[in-house]
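Trainee: Sequence and predicted structure are below.
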Amino acid sequence: MNAQPTPSPTDVLQNGATGHHLKARKLGLIAGSAEPIAVMPQDCAVCRAEGLTARTSILVEAGDRNVVARLMRSSNDLVFEGEIGLSDEAWTRLGLCEGQPVNVRHPQPVPSLSTLRKRVYGNRLGQADFASIVSDLVAGRYSDVHLASFVTACSAFPLDLDEMTGLTRAMISAGKTLSWHRPIVVDKHSVGGLPGNRTTPIIVSIVAALGFVMPKTSSRAITSPAGTADTMETLAPVDLDVEQIRNVVARQNGCLVWGGAVDLSPADDIIIGVERILDLDSAGQLVASILSKKIAAGATHLVIDMPVGPTAKVRTARAAEELSYWLEAVAASFGVKIRVLQGPGDQPIGRGIGPALEARDVLAVLQQRDPPADLADRACDLTGALLELAELTPQGSGAKLARNTLESGQAWTKFQAICEAQGGLREPPMSSHRQIIFAPHAGWLRSIDNRSLAKLAKLAGAPAAKAAGVELHCRLGDAMECGTAICTVHAESRGELDYAMQFYADNGAIFGIKEP
């Protein structure tokens, strides 16, 4: 460790009405939350003067940029007097260079906290209330504690229809919106909770091949082994800006890109991050999450894929009906036509679970080379419903039209053109480490624990390791002998494969095999 430098008066602080000037140091610390982290010395003169203690919120300013950060105190030489260490999140938002002076002071009171307290005490909120909360949330004025309070208050005391609409509208207004100047722009969303089920690239290819517009912005995985953007990234570039997206859609009628690059409903990712930690997923916030992004993306007609099963996100028919009602009611208030397609959620759709493995399923369906039948069927059903909803084909004919477009090769040709327009089609990576899981005894496959299966794929390295995941070799109802291959676990390192296999050994009930 280098000796501590002797600070000059200008290095230490310039105390005035605007706060204190300190030198910024990048700590290489990834906070992994919406709340940036700042670190100052334990014996810091600024902290003593301003009464700043650990976990205090401070405002850090650099030019016309600022962040509200959570203060931590260091008792070693991580930072010196006259310096402030910043997490990667704070550093990026401020656009800093090493040693650049920043201004540090107490933040102004957060305007919407009184409104948040109203919700905590069980009062209903109006449109202006949600607009105020979401504005402060996106501006980074909410600490993780405030965010958790908001999510909890909206879960313990569920949102009503007006509140769902108000929250959705506030989330749309807080980010950018896309307009396509077309009377019909179709879109699709899956509620999730089912491994695999990578229908989106297939649907977009069919719709675009038929000459209709479907600009698809998708998310990366949050709690699953792969999001659509993760899967598509193994096949083509997905990190496109707005102008690039418009260019692709103008040439090919559709795109398959990551939505995070275009700042649609930025509050959504922040709220989802807190929900994941708290393990809360209320209907009101789920409705606002889905519809805010789709409406911001310019959709006029939307089909929702809703798998229902004991280990899916939506577990019962009653929960599915309730969520469907709220989605349809809120969408109607924005003039968006919507149809919810409930489907079986008792087992994965497709063979692959993980970015590259799911990409191979997509290619198999589009190329019509030993395709997973369930994935092709679900993609055609959803596409047909979307075409019928938008009145682009007569009722009852949509699925057949989708199937014909797929089997004729038109969808595959369009998919290749979309990938080329986005930067070029590429081959998904292959895993370097694999291990087959065999049936321990004869019988028939009675059940699959989707949540544990998804965790197995994540422990193998998915989605960060693109080739990692699980490849299924059987379906529910299949008869098997002792030693029949159930699945193959794929990993990019021996350590991750061993970790995943240890999890399987400790949780052998992922696959329920009933003895004959």
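Mentor: Nice, thanks for sending it over.

Trainee: For the closest residue to V238 other than its chain neighbours, give me the pLDDT.
Mentor: Nearest residue to V238 in three dimensions, chain neighbours excluded: W258, at 4.4 Å (Cβ to Cβ, 6 or more residues apart in numbering). Just so you know, the C-beta spots here come from the backbone N, C-alpha and C atoms, and that holds for glycine as well. At W258, the model reports a pLDDT of 92.

Trainee: neighbours around W258, how many?
Mentor: 20 (other Cβ atoms under 10 Å).

Trainee: residues contacting it?
Mentor: T217, S218, S219, R220, A229, M232, E233, V238, D239, L240 (Cβ atoms under 8 Å, 6 or more residues apart in numbering).

Trainee: Apply 6 Å and report the result again.
Mentor: Contact analysis of W258 by Cβ atoms under 6 Å, 6 or more residues apart in numbering lists A229, V238, D239.

Trainee: Drop anything exposed from those residues.
Mentor: A229, V238 (16 or more other Cβ atoms under 10 Å).

Trainee: Just give me the closest of the contacts of W258 to A148.
Mentor: Using Cβ to Cβ, A229 is the member of the contacts of W258 that lies nearest A148, at 26.6 Å.

Trainee: Could you measure from the residue nearest to that closest one when sequence neighbours are not counted over to T228?
Mentor: Nearest in space to A229, with sequence neighbours left out and distances taken as Cβ to Cβ, 6+ apart, is W258 at 4.0 Å. Distance, W258 to T228, using Cβ to Cβ, to the nearest Å: 9 Å.

Trainee: and what of S397?
Mentor: 27 Å.

Trainee: who's more crowded, these two?
Mentor: Neighbours were tallied for S397 and for T228 using other Cβ under 10 Å; the higher tally belongs to T228 (30 against 12).

Trainee: now that one: how far from E50?
Mentor: 47 Å.

Trainee: do P428 as well
Mentor: Per Cβ to Cβ, P428 is found 53 Å from E50.

Trainee: repeat for R105
Mentor: Taking Cβ to Cβ, one finds R105 at 8 Å from E50.

Trainee: Low-confidence ranges, the protein, go.
Mentor: Applying pLDDT under 70 to the chain flags residues 1-18, 33-34.

Trainee: Kindly list the longest strand within it.
Mentor: What stands out as the longest strand in the chain, according to DSSP state E, is strand 65-74.

Trainee: in its sheet, what does that strand sit against?
Mentor: Strand 65-74 has its sheet partners listed here by DSSP bridges as strand 37-41 (parallel), strand 57-62 (antiparallel).

Trainee: And for it, what's in contact with it?
Mentor: Here strand 65-74 makes contact (Cβ under 6 Å, 6+ apart) with 35-39, 41-42, 52, 54, 56-60, 90, 93-94, 107, 140-141.

Trainee: List the buried residues of that strand.
Mentor: For strand 65-74, by 16+ other Cβ under 10 Å, it's N66, V67, V68, A69, R70, L71, M72, R73, S74.

Trainee: cool, and stretch 451-471?
Mentor: Residues 451-463, 465-471 are the ones in stretch 451-471 that count as buried (16+ other Cβ under 10 Å).

Trainee: chain center to that stretch: distance?
Mentor: Averaging C-alpha positions (Cα atoms, centre = their mean, to the nearest Å) puts stretch 451-471 16 Å from its chain's average.

Trainee: Same question for stretch 417-426.
Mentor: Using Cα atoms, centre = their mean, the offset of stretch 417-426 from its chain centre is 23 Å.

Trainee: same thing with stretch 273-291?
Mentor: With Cα atoms, centre = their mean, you get 11 Å for stretch 273-291.

Trainee: Buried residues in it, which are they?
Mentor: Buried residues in stretch 273-291, counted by 16+ other Cβ under 10 Å: 273-275, 281-291.

Trainee: Please state the offset of the strand or helix carrying T168 from the chain centre?
Mentor: For T168, the host element (DSSP states H and E) is helix 161-173. Per Cα atoms, centre = their mean, the displacement of helix 161-173 from the mean C-alpha position of its chain is 19 Å.

Trainee: List the buried residues of it.
Mentor: In helix 161-173, counting by 16+ other Cβ under 10 Å, buried: E163, M164, T165, G166, L167, T168, R169, A170, M171, I172, S173.

Trainee: measure the residue nearest to A229 to P201 for me?
Mentor: W258 is 13 Å from P201, by Cβ to Cβ.

Trainee: just K400 next, same as before
Mentor: 21 Å.

Trainee: Show me which of the two is the more surrounded one.
Mentor: P201 (29 against 12).

Trainee: related to what we said a few turns ago, quick one: which of the buried residues of strand 65-74 is nearest to A332?
Mentor: For these, the nearest to A332 is V68 (37.2 Å; Cβ to Cβ).

Trainee: who touches stretch 309-327?
Mentor: With contact meaning Cβ under 6 Å, 6+ apart, stretch 309-327 is reached by 191-194, 283, 287, 306, 308, 340, 342, 345-346, 449-451.

Trainee: Now rank those residues by neighbours and give me the top one.
Mentor: L194 (29 neighbours).
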